[in-house]
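Engineer: A structural model of the following input is requested.
(one chain, ligands or ions: 2)
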Amino acid sequence: MTAHALNLDFSNRPVEAGPIPLAGLTRAQLRDVLVEHAGVDEKKAKMRADQLWRWIYHYGVTSFDEMTNISKDLRKVLEEKFTLARAEIVERLVSVDGTRKYLIRFAPGVEVETVFIPDVARSGALCVSSQVGCTLTCTFCHTGTQKLVRNLTAAEIAQQVMIARDDLAEWPTSNEDRKITNIVFMGMGEPLYNLDHVSDAIDVISDNEGMAIGRRRITVSTSGVVPKIGELGERTRTMLAISLHATNDELRNELVPLNKKYPLDQLMEAIRAYPDLGNSKRVTFEYVMLKGVNDSPAEARALVKLLKGVPAKINLIPFNPWPDSPYECSDWDTIETFADIVNRAGYASPIRTPRGRDIFAACGQLKSESVKQRASERRKAERAGETP
Ligand code: SAH
Ligand code: SF4
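Structural biologist: Numbers count the residues shown, from 1 in each chain. Ligands and ions are numbered 1, 2, ... in the order given. Presented below is the predicted three-dimensional model:
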């Protein structure tokens, strides 16, 4: 597979940049490129886009030849102007526990990790990234040590799902053996700092005539960008996860520095207002277990108190170490005691078994080598990358 710079700002696209990648585009973008680049009549554009949509997202085709309900002539034009290729998988690792990690390169210096976590049954979750690096600096998170390179486009986010589906041979959508049943935005980056693209990507991923992963099976995790939480709910109707990790402002300020900007009372207020909350739509609270930092029985009780009245699930995550990380994971007994207190208060609180630690794919271990380059350096690298 070859890499394609998914620059979706078509107006600035250099003419010599090669065929435009279609995989991951929204319906509106698909319509627009057909009109603009393939000379499709405005009046027919919607119908054509709908036809293409089905081939791209239901069947997952990678060649225009397979689009049998489209005339040979038009297929020829599509072939010249567009490509169905996905971005390049630079590295693919499979853990002893079946977890798969992909390092995907969207452009020179723009690489992210995507992780497939098989479940015990026939289901599994795909953990996708929304940014290359992160602007936030949570002290226990490896991604937090990588500066933000840039936001991913909607197409780049949706392509992560397509690439994993290619690898697991899950096309077409009607294939009953599909293993990717859920999507979690728990990879690299803070999704609510890239909400426009995340929301468009969710439209693509959840569309019933395409990949059809229902909105209730998509979870967006945030470290607590309070002003965007309501908007996330309204626009995407997906499930919400909150990276909580502490029950008082003093400790949370230290672990999740964004808390200084949006303290716990504001965070809890925004969460309570999230649309449609109830027994079938609960908020997941992620709580990383850090030895001697946030794992005492008193903190478990404080957690129960803090979440009173919120339809919630609590996800206890054993801390996953990374090189030079400043914390240790709590002892197993401590985690179980903590879980018992929370369970007795009526909350489901599964302890998240670390998955894929051997391939460095577990929560908070993701980091790519991408660093922010000056625009001039990036252009140089892009030019070099495009020369065969
Ligand atoms: N930026 C968003 C999405 C990333 S989700 C957010 O923070 O919610 C990644 C999840 O893994 C978050 O809950 C994060 O707090 C947790 N995490 C980060 N580093 C971790 C580590 N070293 N061990 C276990 N969990 C970690
Ligand atoms: Fe960014 Fe989330 Fe990691 Fe915090 S936990 S640094 S918000 S990716």
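Engineer: Enumerate the residues of the stretch 201-350 of the chain near ligand 1.
Structural biologist: Proximity of the stretch 201-350 of the chain to ligand 1 (CB under 6 Å from any ligand atom) is limited to residues Ser221, Thr222, Ser223, Ser243, Glu286, Val288, Ile317, Phe319, Asn320. Every residue, glycine included, has its C-beta placed from N, CA and C.
Engineer: Give me the nearest residue to the last one, chain neighbours excluded.
Structural biologist: Counting by CB to CB, 6 or more residues apart in numbering, Ala362 is the residue found nearest to Asn320 once chain neighbours are left out, at 4.1 Å.
Engineer: for the nearest residue to Ser174 once chain neighbours are set aside, phi and psi?
Structural biologist: Spatial nearest neighbour of Ser174, excluding adjacent residues (CB to CB, 6+ apart): His58 at 7.5 Å. Main-chain torsions, His58, degrees, to the nearest 10: phi -90, psi -50.
Engineer: wait, what's in contact with His58?
Structural biologist: Contacts for His58 (CB atoms under 8 Å, 6 or more residues apart in numbering) come out as Pro172, Thr173, Ser174, Glu209, Gly210, Met211, Ala212.
Engineer: Considering the residues you listed, which is situated nearest to ligand 2?
Structural biologist: Using CB to the nearest ligand atom, Met211 comes nearest to ligand 2 of the contacts of His58, at 24.5 Å.
Engineer: Asp265 - how many residues pack around it?
Structural biologist: Neighbour count for Asp265, taken as other CB atoms under 10 Å: 10.
Engineer: where does it sit relative to Ile271, distance-wise?
Structural biologist: Remark: distance between Asp265 and Ile271 (CB to CB, to the nearest Å) = 11 Å.
Engineer: Between the two, which contacts overlap?
Structural biologist: Counting by CB under 8 Å, 6+ apart, no residue touches both Asp265 and Ile271.
Engineer: Can you read off the pLDDT for the most centrally placed residue in the chain?
Structural biologist: The centroid of the chain falls nearest to Val128 when counting by CA atoms, centre = their mean (2.7 Å). Listed pLDDT for Val128 reads 97.
Engineer: OK, contacts around it?
Structural biologist: Neighbouring residues of Val128 by CB under 8 Å, 6+ apart: Thr114, Ile157, Gln160, Val161, Ile183, Val184, Phe185, Gly187.
Engineer: Shouldn't the fourth one be within a helix?
Structural biologist: Yes. Per DSSP: H, G, I helix; E, B strand; the rest coil, Val161 lies within a helix segment.
Engineer: Check the burial of it by counting its neighbours.
Structural biologist: By other CB under 10 Å, 22 other residues sit near Val161.
Engineer: tell me which element Leu251 falls in.
Structural biologist: Taking DSSP states H and E as the definition, Leu251 sits inside helix 249-255.
Engineer: sorry, back to before: take the residues of the stretch 201-350 of the chain next to ligand 1 and keep only those in strands.
Structural biologist: Counting by DSSP state E, these place Ser221, Thr222, Ser243, Glu286, Val288, Ile317 in strands.
Engineer: lowest confidence element among the helices and strands of the chain?
Structural biologist: For the chain, using mean pLDDT, DSSP states H and E, the weakest element among its helices and strands is helix 375-386, scoring a mean of 53.
Engineer: So which residue of the chain lies furthest out from the middle?
Structural biologist: Outermost residue of the chain (CA atoms, centre = their mean): Asp73, 37.4 Å.
Engineer: Assign it to helix, strand or coil.
Structural biologist: Per three-state DSSP, the secondary structure class of Asp73 is helix.
Engineer: What separation do you get for the residue nearest to Asn320 and Gln131?
Structural biologist: Ala362 sits 19 Å away from Gln131, going by CB to CB.
Engineer: Check Cys141 too.
Structural biologist: Separation of Cys141 from Gln131 (CB to CB) stands at 13 Å.
Engineer: Likewise for His142?
Structural biologist: As for His142, its distance to Gln131 is 14 Å (criterion: CB to CB).
Engineer: These two - which one has more neighbours?
Structural biologist: Shown here are His142 and Gln131; by other CB under 10 Å, Gln131 has more neighbours (25 against 22).
Engineer: which residues does the more buried one contact?
Structural biologist: For Gln131, the contact set (CB under 8 Å, 6+ apart) comprises Leu148, Val149, Arg150, Asn151, Leu152, Met188, Gly189, Glu190, Pro191, Tyr193, Asn194.
Engineer: And for the last one, nearest residue in space, chain neighbours not counted?
Structural biologist: To tie it back to what came earlier, the one meant is Asn194. Closest to Asn194 by CB to CB, 6+ apart is Asn151, at 4.2 Å.
Engineer: Kindly state the pLDDT recorded for the one you found?
Structural biologist: 97.
Engineer: Please tell me I have it right and it contacts Tyr193.
Structural biologist: Yes. Between Asn151 and Tyr193 a contact is recorded at 7.4 Å, counting by CB atoms under 8 Å.
Engineer: if I've got this straight, Ile183 is in a helix?
Structural biologist: No. Looking at Ile183 with three-state DSSP, it is strand, so not inside a helix.
Engineer: Quick check: it vs Ser130, distance?
Structural biologist: As judged by CB to CB, Ile183 and Ser130 stand 11 Å apart.
Engineer: Ok, Phe185 next?
Structural biologist: Relative to Ser130, Phe185 is positioned 6 Å away (CB to CB).
Engineer: Mind listing the shared neighbours of these two?
Structural biologist: Any residue near both Phe185 and Ser130 by CB under 8 Å, 6+ apart counts here, and that gives Pro191, Val198.
Engineer: how many neighbours does the residue of the chain found nearest ligand 1 have?
Structural biologist: When scored by CB to the nearest ligand atom, the chain has Gly364 as its residue closest to ligand 1, at 1.9 Å. By other CB under 10 Å, 20 other residues sit near Gly364.
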